[in-house]
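Colleague: generate coordinates for the sequence data below:
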Amino acid sequence: MQSPSGVGRIMAGRYRIERLLGTGASGTVWFVRDTREKGKVWALKEVDVSGLSSQEQLETWTMFSREADMLMQLEHPYLPKVVARFQEHGRHFLVMERVEGPTLQSVLKDAKIPIAEGDVITWGAQLCEVLHYLHSLEPPIVYRDLKPANVMVSVRGPLKLVDFGIARVLNPTQAGDTTAYGTPGYAPIEQYLGKTSPRSDLYALGATLYQLLTLQDPEPFRFNFPPLRKFVPEANPKLELLLADLLQKEAEQRPESAYEVLQRLGEIRELKKSVWKRMKVQVKTWWSGNL
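Modeller: Numbers count the residues shown, from 1 in each chain. Down below sits the predicted model:
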């Protein structure tokens, strides 16, 4: 998509478009400078409806507006802050915090060997924190599209969970989703049946962590992940068990909450630290004894 008004043009009377940051399934993102606040820069997200039917355009507008309204109410260090929304030239725009850094998808693309277990545990814990926040809201928000491409690893702080285009606010009086959304390989079976719940996000979390640890792309619509040790023989057994629990086909067989997963990841991390500490003591003892 070309710039809506040309690079250098002022949007909404204050945001000057400077360059393209990227494009995705739900729209185009531009780097803009705020002419009213010196030194302030933002990411300007534009929804793309070109090539869609009238009905699809209406659905896209609705989804984008819902994303904007939802994000403007959220406050969490692992979510990009949304500061404004506006419509101009028949298009909708979202002004948000610019996150610097690659996505986990980019990290995977460049990886020659599986991602270090410690890094995966750290990212997994951060994702659990933001999922716990979303699931604990009243009403809860189910993200529904957790995958490496939607996780940005910020160079100046923690990761950021981006692109809320298909997140759903849970309505306890509604039997299920009106439409099945998700990314094949990461979305669980129940999501295609229109029956998402917070545990659906936990399945996608498991698929994401599994991919980081193994470099194996999840197979669309297979809902089957071999034991972690098949690809990582030295994997921590507790981590392997946790992934197996997260990737259960039946939602009720998965952990109850993101908070529970966070606690289990914390235990695994502390165990790793304990083992490393013992190894350092052993090496120090051995070295002293051989001087």
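
Colleague: every contact and neighbour count from this point should use C-alpha atoms.
Modeller: Fine.

Colleague: mind jotting down where the strands sit in the chain?
Modeller: 10-11, 15-24, 27-34, 41-46, 82-88, 91-96, 141-142, 151-152, 160-161, 168-169 (DSSP state E).

Colleague: where among those is average confidence lowest?
Modeller: Lowest mean pLDDT within these: strand 168-169, a mean of 64.

Colleague: returning to that earlier point: looking at the strands of the chain, which is closest to Asp110?
Modeller: When the strands of the chain are compared by C-alpha to C-alpha, strand 151-152 sits nearest Asp110, at 14.7 Å.

Colleague: next, format the strands of the chain as TSV and append distance to Arg254.
Modeller: Listed next are the strands of the chain as TSV, based on distance: least, C-alpha to C-alpha, whole Å:
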stretch	distance to Arg254
strand 10-11	46
strand 15-24	31
strand 27-34	33
strand 41-46	35
strand 82-88	32
strand 91-96	34
strand 141-142	16
strand 151-152	22
strand 160-161	22
strand 168-169	20
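
Colleague: what about the ones you listed, which gets the closest to Pro233?
Modeller: Comparing these by C-alpha to C-alpha, strand 151-152 comes nearest, at 26.8 Å.

Colleague: against which helices or strands is the closest one packed?
Modeller: With contacts defined as 3 or more C-alpha pairs under 8 Å, 6 or more residues apart in numbering; DSSP states H and E, the packing partners of strand 151-152 are helix 104-110, strand 160-161.

Colleague: same thing but at 6 Å, please
Modeller: strand 160-161 (3 or more C-alpha pairs under 6 Å, 6 or more residues apart in numbering; DSSP states H and E).

Colleague: ok, the strand it packs on: who's next to it in the sheet?
Modeller: Strands that pair with strand 160-161, judged by DSSP bridges, come out as strand 151-152 (antiparallel).

Colleague: distance check, the residue lying closest to Thr183 once chain neighbours are set aside against Leu58.
Modeller: Excluding its sequence neighbours, the residue lying closest to Thr183 (C-alpha to C-alpha, 6 or more residues apart in numbering) is Asp145, at 6.4 Å. To Leu58, Asp145 is 21 Å away according to C-alpha to C-alpha, to the nearest Å.

Colleague: low pLDDT regions in the stretch 101-250 of the chain?
Modeller: 165-180 (pLDDT under 70).

Colleague: now with 90, please.
Modeller: 101, 139, 154-158, 162-182, 194-195 (pLDDT under 90).

Colleague: in contact with Ala149, which residues?
Modeller: Neighbour list for Ala149: 103, 105 [criterion: C-alpha atoms under 6 Å, 6 or more residues apart in numbering].
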